[in-house]
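Chemist: Need a 3D model of the sequence below.
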Amino acid sequence: MNNLAQVKQVLRITTITALASTALWAQSDLVDAQAAYNGYVGVGAGFGFTEGASGEPAGTSVVIAGRQKVGQLPVSVRGQVFIFSGTTAFVPTISYDLQVGSNSLVYLGGGVALTEGERPSPVGNRNAFVLQPGIDIGLGDSNTLIFINGVYAFNAYKGNNGNAFSLQGGVGLQF
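Modeler: This is a model prediction of the structure:
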């Protein structure tokens, strides 16, 4: 997949996230710029959509995710750990958050993918800068939420300098 196709893929995911956010906003009133919870820790799955120089697909990984809001600002520190056969990756980001409805946040983050191992993870096998659009959806009055996000890593593969794209989702507990 060439770089233009990957950029188009990220734009599609971002557009889908924005449309979902608009639908959530239309169903409820827009409230403060930050959700009521300070953060969460969750677990889920990550799915890679690109491949490394050897043609080896990035595949599926276990994802451990977390978020911590920064004071009263609409900013959060986020982190995801990808655990993939023989390779791990840690993706810390800082995001700008926009609350939609009473229980949901959409966000856009920037950060880095820090990888270890030769096999490609869903975010590549080389340290890289990343963009991360996503949405966190609280489930009613419980402390449970669903997180869905994408990670677009620039120049993420050893050998071919290709970009990586992954999509993650899972369930978290708010604190």
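
Chemist: ok, and the closest non-adjacent residue to the residue nearest in space to the middle of the chain?
Modeler: With distances taken as C-alpha atoms, centre = their mean, Asn149 lies nearest the centre of the chain, 3.5 Å away. Leaving aside its sequence neighbours, Asn149 sits nearest to Gly134 (C-beta to C-beta, 6 or more residues apart in numbering; 2.8 Å). (Each C-beta comes from the backbone N, C-alpha and C, glycine too.)

Chemist: which residues touch the one you found?
Modeler: Neighbour list for Gly134: 17, 95, 106-107, 109, 147-150 [criterion: C-beta atoms under 8 Å, 6 or more residues apart in numbering].

Chemist: And the helices in this protein?
Modeler: 3-27 (DSSP state H).

Chemist: By mean pLDDT, which helix or strand of it comes out lowest?
Modeler: Least confident helix or strand of the chain, by mean pLDDT, DSSP states H and E, is helix 3-27 with a mean of 56.

Chemist: before we move on, back to that, just the pLDDT at the residue nearest to Asn149, thanks.
Modeler: On pLDDT, Gly134 comes in at 98.

Chemist: wait, Val171 sits on Val43?
Modeler: Yes: counting by C-beta atoms under 8 Å, Val43 is a contact partner of Val171 at 6.9 Å.

Chemist: Could you report the separation of Lys69 from Pro133?
Modeler: 18 Å (C-beta to C-beta, to the nearest Å).

Chemist: where along this protein do the strands fall?
Modeler: 39-48, 60-69, 75-84, 87-100, 104-116, 128-138, 144-153, 164-174 (DSSP state E).

Chemist: so which of those strands is the most packed in?
Modeler: The highest mean neighbour count among those, using mean count of other C-beta atoms under 10 Å, belongs to strand 144-153: a mean of 24.

Chemist: what's the angle between that one and strand 60-69?
Modeler: When axes from the mean of the first three to the mean of the last three C-alpha atoms, to 10 degrees is applied, the directions of strand 144-153 and strand 60-69 differ by 110 degrees.

Chemist: And strand 144-153, what does it pack against?
Modeler: Under the contact definition 3 or more C-beta pairs under 8 Å, 6 or more residues apart in numbering; DSSP states H and E, strand 144-153 sits against helix 3-27, strand 39-48, strand 128-138, strand 164-174.

Chemist: I figured Leu139 was touching Ile146, is that so?
Modeler: Yes: counting by C-beta under 8 Å, Leu139 touches Ile146, with 6.8 Å between them.
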